[in-house]
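[1] Have a look at this fold, sequence not included:
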């Protein structure tokens, strides 16, 4: 991710997920890489999985909001992403 090799990052996070399917961070980080290459549906799905694994992982809600926002789906960006993650950040 740091070197902006997003396709490589996606591949490596996919391998990591294959080894450990219950790691919310791997899904969330892969979602970030998907967002960078404009694959928003894939990013949304990974964020949803990340949230299922760890409903208190605020970064997953933030990235979910960003993916919805990038699609122009502002209602879901706010209500399913940003607002759901905000209480987790401020507590």
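    Okay, I see it. Since we're looking at a predicted model, the values are computed, not measured. Residues are numbered from 1 along each chain as shown.
[2] The protein: helices as residue ranges?
    Along the chain, counting by DSSP state H, helices occupy 6-19, 24-36, 40-53, 58-70, 74-76, 83-90.
[3] Please compute how far the shortest one lies from its chain's middle.
    Pointing back at helix 74-76 there. 16 Å (C-alpha atoms, centre = their mean, to the nearest Å).
[4] Next: the second one.
    For helix 24-36, the distance between its averaged C-alpha position and the chain's averaged C-alpha position is 5 Å (C-alpha atoms, centre = their mean).
[5] Give me the residues contacting that helix.
    1, 4, 6-7, 9-10, 13-14, 16-17, 20, 40, 42-44, 46-47, 49-51, 53-54, 57, 59-60, 63-64, 66-67, 70 (C-beta atoms under 8 Å, 6 or more residues apart in numbering). To be clear about C-beta, it is placed using only N, CA and C from the backbone, and glycine gets the same treatment.
[6] swap in the third one?
    Taking C-beta under 8 Å, 6+ apart as the criterion, the residues outside helix 40-53 that touch it are 22-25, 27-28, 30-32, 34-35, 57, 60-61, 63-64, 67-68, 70-71, 81.
[7] Buried ones among the residues you listed?
    23-25, 27-28, 30-32, 34-35, 57, 60-61, 63-64, 67-68, 81 (16 or more other C-beta atoms under 10 Å).
[8] buried sites along the lowest-mean-pLDDT helix or strand in the chain?
    When the helices and strands of the chain are compared on mean pLDDT, DSSP states H and E, helix 83-90 comes out lowest with a mean of 75. Within helix 83-90, the residues that qualify as buried are 84, 85, counting by 16+ other C-beta under 10 Å.
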